[in-house]
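1. sharing a model prediction with you, sequence too.
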Amino acid sequence: MSVLPYRLGCPLWANKAWVGEFFTRKAKTGDFLRQYSSVFSTVEGNTTFYALPSKDTVLRWKENATEDFRFCFKFPKVISHQKKLVAAEDDTALFFRVLGVLEEKLGPFFLQLSPHFGPDAFPSLLRYLDALPKEFSYAVEVRHLAFFDRGEWEHRLNQELAARGIDRVLFDARGVHSAESADEAVVRAQTRKPRLPYREFVTAETPFVRYIAHPDMERNRNAWHRWAEVFATWIKEGKQPLMFMHTPNDFYAPGFAKVFHEILAEKLDLPVMPPWPSSTEPPEPEQMSLF
């Protein structure tokens, strides 16, 4: 994607269901990142929450991603959920040792805390953040309701993140939670994605937004128009926000992201997104009939 004043991406790049839709018809796994990064400028690296890749794999990612692309990898769950940021120095060092080779293609590392990580663990969060390498940038997602109280704890969280130049992840799942559907993907998303209060404020210079969409694209338009207004304001202030577009099974994430860009482009006069790889190949030849 050409250099823009914001970054747009999906939760993943290696979705086999996109072959022939977003990716070209004959795209293989090794083609996915190159094709994805020709359109989008960032991605949530959620796979690192579960396991770290090999260094060879990371080096291939670095080679395959376009020059201006940025990876935003999630901290492993052993650090954030199992050890709760305590006595996790070795795991943290390994995390950065493996992914640090991406160098200039690294965006903010993404620390997602569990719903049980509340005010009693707040000192552990501050100690952990203060010990992180200064050469990288970070974003923190909290899920405990105390940090949404518009009172002491939310104020303290925002204040401490701002003092460290760390972005607070803005998680917006209103779309998916407003859906009334028995579809398995929707039900699973509603179960896994917390219903948290909606926030728009920022604590640093790279606002980090995760939008979990309603499966019906049209049901998201009002929210996208509001987010586009917020993004336009941030961009005019000199910030470079990130938008990560989720859908219940992520099949429609690229298309939904494209519509968000079109809405934002109307407010900032941005260029159109690059064509999808699938749109650049000739149509399939029709098979000759035997009759």
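-> Okay, I see it.

2. tally up the residues packed near the nearest residue to Leu85 once chain neighbours are set aside, please.
-> Closest residue to Leu85 apart from its sequence neighbours, by Cβ to Cβ, 6 or more residues apart in numbering: Tyr128 at 4.0 Å. (C-beta placed from N, C-alpha, C; glycine too.) By other Cβ atoms under 10 Å, 22 other residues sit near Tyr128.

3. which residues of this structure fall in helices?
-> 29-37, 55-64, 77, 89-99, 122-131, 152-163, 174-177, 184-192, 221-236, 253-268 (DSSP state H).

4. which stretch among these comes nearest Pro5?
-> helix 221-236 (4.5 Å; Cβ to Cβ).

5. before we move on, back to that, tabulate the helices of the chain (JSON lines), appending mean pLDDT.
-> Formatted as JSON lines, the helices of the chain follow (pLDDT from 0 to 100):
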{"stretch": "helix 29-37", "mean pLDDT": "97"}
{"stretch": "helix 55-64", "mean pLDDT": "96"}
{"stretch": "helix 77", "mean pLDDT": "97"}
{"stretch": "helix 89-99", "mean pLDDT": "98"}
{"stretch": "helix 122-131", "mean pLDDT": "98"}
{"stretch": "helix 152-163", "mean pLDDT": "98"}
{"stretch": "helix 174-177", "mean pLDDT": "95"}
{"stretch": "helix 184-192", "mean pLDDT": "92"}
{"stretch": "helix 221-236", "mean pLDDT": "97"}
{"stretch": "helix 253-268", "mean pLDDT": "97"}
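
6. among those helices, which is the most enclosed?
-> Sort those by mean neighbour count, taking mean count of other Cβ atoms under 10 Å, and helix 174-177 sits at the top with a mean of 21.

7. now what about that one, what contacts it?
-> For helix 174-177, contacts defined as Cβ atoms under 8 Å, 6 or more residues apart in numbering pick out 186, 189-190, 193, 195, 198, 211-215, 219-220, 223, 246, 248.

8. which residues are contacting stretch 199-207?
-> Contacts of stretch 199-207 (Cβ under 8 Å, 6+ apart): 107-108, 137, 139, 148, 158, 161-162, 165-168, 170, 230, 234, 238-242.

9. now with 7 Å, please.
-> Contact with stretch 199-207 is made by 108, 137, 158, 161-162, 165-168, 170, 230, 234, 239-242, as judged by Cβ atoms under 7 Å, 6 or more residues apart in numbering.

10. give me the distance between the closest residue to Arg156 other than its chain neighbours and Tyr138.
-> Of all residues not flanking Arg156 in the chain, Phe122 sits nearest, at 7.2 Å (Cβ to Cβ, 6+ apart). Counting by Cβ to Cβ, to the nearest Å, the separation of Phe122 from Tyr138 is 16 Å.

11. and Ala65, by the same measure?
-> Noted for Ala65: a distance of 20 Å to Tyr138, by Cβ to Cβ.

12. same question for Asp269.
-> Distance, Asp269 to Tyr138, using Cβ to Cβ: 32 Å.

13. compare those two and say which is more crowded by neighbours.
-> Ranked by neighbour count (other Cβ under 10 Å), Asp269 and Tyr138 place Tyr138 first, with 21 against 6.
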